[in-house]
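Undergrad: Turn this into a structure:
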Amino acid sequence: MTKDRIVGIDLKALPADPSPPDLWQDQAACYGIDPDTFFPTSEEEAGPALAFCSACDIRETCLAWALKNGERYGVWWGLTEQQRRRIIAAAEMWLAQRPQDAEGDVRFDVVLVTPGKI
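TA: Reported below is the predicted structural model:
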């Protein structure tokens, strides 16, 4: 497996109640780009979308929206569908295993791999 980057995602730092995309899309790096770019048919075709996301200033809002609304398809916050599923699974596992009265950071270090290099 080839590690390309490690991303620390602090779920507590994400906006708790993100606005709908039509209120912030015009500030995003993806604004005006063909939407099909962000809905690749395979992980291997996600490269162009990931490049736009890496230059975006509102990624946290984008990820918060995607997670809150269960966006199952497409690239959001520079994460593919598979990568978001891993985050959700890790969050659910963490929540299930922590003591009921435990507090603390909900932070996940997610290893992202380049599609096709696993």
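
Undergrad: what bits of this structure have low per-residue confidence?
TA: For the chain, the stretches with pLDDT under 70 are 1-8, 94-95, 98-118.

Undergrad: would you list every one of the strands in this protein?
TA: 3-10, 107-113 (DSSP state E).

Undergrad: Run through the bridge partners of Asp10.
TA: For Asp10, the beta-bridge partners are Arg107 (DSSP bridges).

Undergrad: Give me the distance between it and Asp17.
TA: Distance, Asp10 to Asp17, by Cβ to Cβ, to the nearest Å: 17 Å. C-betas here are computed from N, CA, C, even on glycine.

Undergrad: same question, Glu44
TA: Distance of Glu44 to Asp17, computed by Cβ to Cβ: 35 Å.

Undergrad: Compare neighbour counts for these two and give me the winner.
TA: Neighbours were counted for Glu44 and for Asp17 using other Cβ atoms under 10 Å; Glu44 has more, 11 against 7.

Undergrad: and the gap between the more buried one and Gln82?
TA: From Glu44 to Gln82 the distance is 12 Å (Cβ to Cβ).

Undergrad: now Ala55
TA: Ala55 is 22 Å from Gln82, where distance means Cβ to Cβ.

Undergrad: ok, now Trp65?
TA: From Trp65 to Gln82 the distance is 19 Å (Cβ to Cβ).

Undergrad: who's more crowded, these two?
TA: Between Trp65 and Gln82, counted using other Cβ under 10 Å, the more crowded position is Trp65 (22 against 12).

Undergrad: Enumerate every residue touching that one.
TA: Pro18, Ser19, Pro20, Pro21, Glu71, Trp76 (Cβ atoms under 8 Å, 6 or more residues apart in numbering).

Undergrad: What is the neighbour count of the third one?
TA: So that's Pro20. 9.

Undergrad: Next: Ile58.
TA: Ile58: 18 surrounding residues under other Cβ under 10 Å.

Undergrad: List the contacts of it.
TA: Trp24, Gln27, Ala28.

Undergrad: go with 10 Å
TA: For Ile58, the contact set (Cβ atoms under 10 Å, 6 or more residues apart in numbering) comprises Pro15, Pro18, Trp24, Gln25, Gln27, Ala28, Ala29, Cys30, Ala64, Trp65, Trp77.
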